[in-house]
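Asker: below are the sequence and a predicted model; questions follow.
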Amino acid sequence: MNDWQMKSPLDWETYVNKRVKVAAAEKNEYEGWVLTVDPVSANVVLANFPENGRVSIVVVLGHAVQEVDVLQEADDEMKARLSCIFAPEESKAYSPEELDKRKNDLKRWLEANHIPVTEQGESGRTLCVAGVLTIDPPYGPEECSSSNEIILSRVQGLIQRYLEKRQ
């Protein structure tokens, strides 16, 4: 194991949201903004923003990392860009207030139709239907999750019809 792999996840976390230069095996060098470091493999996930407006992602394997030098701290704008790289498109379109309204409207509608629903999770962002199905933001049929396929398809259908009536 190399020095990089011997670090703890808390050490790796200090590199997140920083522009770094990674010296890797076979004299390879990589530069980019650290999105995350995998705590099991020590792989470093780097993001770059080329001129074409797209995002370029590079993963440097942990066993190949020899040295990591911090080049720059991220400002608030860059932190925001980095944090939404892997966010689903739907969640980018809604403000926190809009998501809260969508959640509360759907919850009231489900309750009005005698469907038991509760909020769960630390922030209460996830709706739980009858203890067997969850609905995550932005609270559409695609965000439903359940191991019971029958309940899943029925609740997805209900939510689809609810959203169509709202428009």
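Answerer: Yep, that arrived. What you see is a predicted model, and the numbers here were worked out from it, not measured in a lab.

Asker: need the per-residue pLDDT for Lys92.
Answerer: Model confidence at Lys92, given as pLDDT, is 56.

Asker: ok, now the one 3 residues further on?
Answerer: Ser95 is assigned a pLDDT of 81 by the prediction.

Asker: also Leu110?
Answerer: pLDDT, Leu110: 94.

Asker: where's the nearest residue to it once chain neighbours are set aside relative to Val58, distance?
Answerer: Take Leu110 and drop its neighbours on the chain: the residue closest to it by CB to CB, 6 or more residues apart in numbering is Val117, 4.5 Å away. C-beta coordinates here come from the backbone N, C-alpha and C atoms, glycine included. Noted for Val117: a distance of 42 Å to Val58, by CB to CB, to the nearest Å.

Asker: likewise for Leu46?
Answerer: 5 Å.

Asker: hmm, back to that, does the residue nearest to Leu110 touch Glu111 like I think?
Answerer: Yes. The pair Val117 and Glu111 passes the contact test of CB atoms under 8 Å, sitting 6.1 Å apart.

Asker: of the two, who's got more company?
Answerer: More neighbours surround Val117 than the other of Val117 and Glu111, with 19 against 11 (other CB atoms under 10 Å).

Asker: what's near enough to touch the more buried one?
Answerer: Going by CB atoms under 8 Å, 6 or more residues apart in numbering, Val117 touches 107, 110-111, 127-130.

Asker: for Arg81, see how far away the most centrally placed residue in the chain is.
Answerer: Central residue of the chain (CA atoms, centre = their mean): Ala87, 4.9 Å from the mean position. Between Ala87 and Arg81 the distance is 11 Å, computed by CB to CB.

Asker: look up phi and psi at Gln120.
Answerer: Per-residue torsions, Gln120: phi -140, psi 170 (degrees, to the nearest 10).

Asker: can you count the residues close to it?
Answerer: Residues near Gln120, counting by other CB under 10 Å: 12.

Asker: so it sits right up against Val129, yeah?
Answerer: No. Using CB under 8 Å, Gln120 is not in contact with Val129; the gap is 10.5 Å.

Asker: which neighbours do those two share?
Answerer: By CB under 8 Å, 6+ apart, no residue touches both Gln120 and Val129.

Asker: all helices for this protein, in order.
Answerer: 3-6, 9-13, 76-83, 89-92, 96-112, 149-166 (DSSP state H).

Asker: same list (those helices) but as CSV, adding distance to Ile135.
Answerer: Formatted as CSV, these follow (distance: least, CB to CB, whole Å):
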stretch, distance to Ile135
helix 3-6, 39
helix 9-13, 31
helix 76-83, 23
helix 89-92, 13
helix 96-112, 7
helix 149-166, 7
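
Asker: alright, that wraps it up for me.
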